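K.L.:
need a structure here:
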Amino acid sequence: MKSLNYLGAASAMALLCMSSAAISGEQSSDQQAIGYRIGLAFAGVHNTLGGLGIESSGGVKVADTRPTVMFDGTLGYDFAANWGIQGDLQAAALGRPDVADGDRTNAYGHGAVHLYHRTDSFLVGALGGLGIHDDRGDSNREMNYWFAGAEGKLLTGWGSVFAQAGYLDSYDRYDEGTREAPFARLGINYFLNDNWSVKLDGAYAGGKKWTDDLPNRIFDFNVESEIRPETWPVSLFARYEFTQISYHALDSDQYRYGENFHTLMVGLKFRSGATLREADRAPGSLDLPSFGKWVAFNANEVE
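P.N.:
Purely as a prediction, here's the structure:
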């Protein structure tokens, strides 16, 4: 229960910051002052036993697929001309895999805040947040993570280009999760028309694992297509995510140990804005890498 307080504190922080931002300030008539995104997805997370340049860590006995439910929500507010704030909530609950020691990711989630400056053509800002994860295994007393960084978004005639970079750290009883990790993410959101987009992004994180500070590495790649039928109040989306988490057992060891995770999800998104293109330019449109997965899967499925 102590871990739940961290997520509650992060959520309260986001809401408090957004409430306090509601101060007087002129807003351009052609800019939307408030925006939101609410997403619900059903997914299958499939793990392989090593492969693609790494040896299996032995954390998971067999290749299997876990049913997963994911929630993502944002609320953005432009509190003054060209200045805004956004709060995020994200959570995932996973089915149980067959693991070697009874250790497994049961759930993860985080709360985050973005503070940004934006114009009609670009956005720059800072981000930060707190998260928790639970494994119901050998280290479930207190498992949390936090992150901070900078971000930017360039709006073009065909869509947008976005980038984020920063620092991710975590705490658990045995230092199994991703710790002291710089990260970077780069992506594009391309619009085939006003209500149909294709999004591609890739991310990398470094850092350490275990009390021995073994060199850690994470690769993460996503492709997503989202479409909103003309008469529908919601959009439909499908996404594939590839995540590889690995580490060097010894600095002199030629092998890397870890696992590959393939996530396929389908779901619904409720967005502000008359079209998806308009929503991409509105408050509440920013998102984050899969921080919870990077930390929790490293602490539990990767041994």
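K.L.:
going forward, measure contacts between C-alpha atoms and count neighbours the same way
P.N.:
Will do.
K.L.:
centre of the chain to the host helix or strand of residue 78, how far?
P.N.:
Using DSSP states H and E, residue 78 falls within strand 64-80. Mean-position distance between strand 64-80 and its chain equals 8 Å (CA atoms, centre = their mean, to the nearest Å).
K.L.:
give the rounded mean pLDDT of it.
P.N.:
Across strand 64-80, the average pLDDT comes to 95.
K.L.:
can you name the element that comes right after the helix or strand bottoming out on mean pLDDT in the chain?
P.N.:
Least confident helix or strand, the chain: helix 2-20 with a mean of 42, by mean pLDDT, DSSP states H and E. Per DSSP H and E, the first helix or strand lying C-terminal to helix 2-20 is strand 34-48.
K.L.:
neighbouring strands - and their directions - for that following strand?
P.N.:
strand 64-80 (antiparallel), strand 256-271 (antiparallel) (DSSP bridges).
K.L.:
with adjacent residues omitted, what lies nearest to residue 224?
P.N.:
Once flanking residues are discounted, residue 224 sits nearest to residue 239: 4.2 Å by CA to CA, 6 or more residues apart in numbering.
K.L.:
surely the one you found touches residue 200?
P.N.:
No - Residue 239 lies out of contact with residue 200 (CA atoms under 8 Å); the separation is 9.8 Å.
K.L.:
residues shared between the contacts of those two?
P.N.:
222, 223, 224 (CA atoms under 8 Å, 6 or more residues apart in numbering).
K.L.:
among those residues, which ones are in strands?
P.N.:
Mapping these onto strands (DSSP state E) picks out 222, 223, 224.
K.L.:
the last one: neighbouring residues, count only.
P.N.:
Spelled out, it's residue 224. Per other CA atoms under 10 Å, the neighbour tally for residue 224 reads 18.
K.L.:
list the beta-bridge partners for residue 238.
P.N.:
Beta-bridge partners of residue 238, counted by DSSP bridges, are residue 225, residue 266.
K.L.:
contact partners for it?
P.N.:
Contacts of residue 238 (CA under 8 Å, 6+ apart): 224, 225, 226, 264, 265, 266, 267.
K.L.:
now for these: which two are most distant?
P.N.:
226 and 264 (14.0 Å; CA to CA).
K.L.:
tell me the mean pLDDT over stretch 189-197?
P.N.:
98.
K.L.:
swap that for stretch 250-268, please
P.N.:
87.
K.L.:
same question, stretch 127-142
P.N.:
Across stretch 127-142, the average pLDDT comes to 79.
K.L.:
stretch 105-116 now?
P.N.:
96.
K.L.:
what do you get for stretch 46-58?
P.N.:
89.
K.L.:
now that stretch: buried residues?
P.N.:
Residues of stretch 46-58 classed as buried: 46, 47, 48, 49, 50, 54, 55, 56, 57, 58 (neighbour count, 16 or more other CA atoms under 10 Å).
K.L.:
got the end-to-end distance for it?
P.N.:
Distance between the two ends of stretch 46-58: 15 Å, counting by CA to CA, to the nearest Å.
K.L.:
what bridges to residue 42?
P.N.:
Applying DSSP bridges, one finds that residue 42 bridges with residue 69, residue 266.
K.L.:
in contact with it, which residues?
P.N.:
Counted by CA under 8 Å, 6+ apart, residue 42 has contacts 67, 68, 69, 70, 265, 266, 267.
K.L.:
pretty sure the last one sits against residue 40.
P.N.:
Looking back up the chat, that one is residue 267. Yes - between residue 267 and residue 40 a contact is recorded at 5.6 Å, counting by CA under 8 Å.
K.L.:
which stretches of the stretch 101-250 of the chain form helices?
P.N.:
Counting by DSSP state H, counting those that start in this stretch, the stretch 101-250 of the chain forms no helices at all.
K.L.:
that one: strands as residue ranges?
P.N.:
Secondary structure of the stretch 101-250 of the chain (DSSP state E, counting those that start in this stretch): strands at 107-118, 122-134, 144-155, 159-171, 181-193, 196-205, 208-209, 214-227, 235-248.
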